[in-house]
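A.B. asks: need a 3D model of the sequence below.
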Amino acid sequence: MPAIAEEVTILALGDSLTQGYGLPVEAGLVPQLQGWMQARGADVKIINAGVSGDTTRGGLNRVDWSLTDEVDAVMIALGGNDLLRGIPLNSIEANLEQIIQKVKAKNLPVMLVGYRATANFGPEYKGAFDEMYPRIAARHPDMIFMPYIFQGMGKAMGRGEMSRTDGFQRDGIHPNAQGVKLNVAEIGPYAMKLYARVGD
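C.D. replies: Down below sits the predicted model:
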């Protein structure tokens, strides 16, 4: 735990998955993650900087003014909309890199949450996209890297505990409240590491 006597503020810079699209406020990723961390002793507030439809370029355009004086650490979860729009991978990677550099320039600990392409994009594109986030993380060994935003749901499906559709809303893109809960259980330990970096 950080050696500090006041609440830690984490900025969650993301898209609709962070914003909590289609869910009651309390069921979204940010409130569930904040509650998960607080239940484990973290004195933390997470700012919901998720914008539905946002791309890595959008995140880059707003990161400077999002990094207010109250922010102690940053979680970046962007790239899903870039994928859906077919934005060139080199542009996505460059945008994420610049966001990370801007956070580091403020001497703030940073956490990157990875995305993965679905099979319908074709094996070549999927392979290239899926390699991108680990490659970015490898360039920043001091950064916390959470490999996959849907990891909790993926593990539950792998165990046969839920079907492909059980954890999603009707659109098949955004998780429902139960899906978010499963994902938060996987994201949470990484977020606790981010929390612990504050004040180091």
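A.B. asks: use CA for all of it now, contacts and neighbours both
C.D. replies: Will do.
A.B. asks: all helices for this protein, in order.
C.D. replies: Ranges of helices in the chain, per DSSP state H, are 16-19, 29-38, 56-66, 80-85, 89-105, 123-139, 151-158, 177-197.
A.B. asks: buried set for the fifth one?
C.D. replies: Buried residues in helix 89-105, counted by 16 or more other C-alpha atoms under 10 Å: 89, 92, 93, 95, 96, 97, 98, 99, 100, 102, 103.
A.B. asks: likewise for the second one?
C.D. replies: When neighbours are counted by 16+ other C-alpha under 10 Å, the buried residues of helix 29-38 are found to be 29, 30, 31, 32, 33, 34, 35, 36, 37.
A.B. asks: where's the second one relative to residue 36, distance?
C.D. replies: When distances are taken as C-alpha to C-alpha, to the nearest Å, residue 30 and residue 36 turn out to be 10 Å apart.
A.B. asks: pLDDT below threshold where in this structure?
C.D. replies: 1-5 (pLDDT under 70).
A.B. asks: tell me which residue is most central in the chain.
C.D. replies: In the chain, the residue lying closest to the centroid (C-alpha atoms, centre = their mean) is residue 77, at 3.0 Å.
A.B. asks: spit out the contact partners of that one.
C.D. replies: 12, 13, 14, 15, 18, 112, 113, 114, 149 (C-alpha atoms under 8 Å, 6 or more residues apart in numbering).
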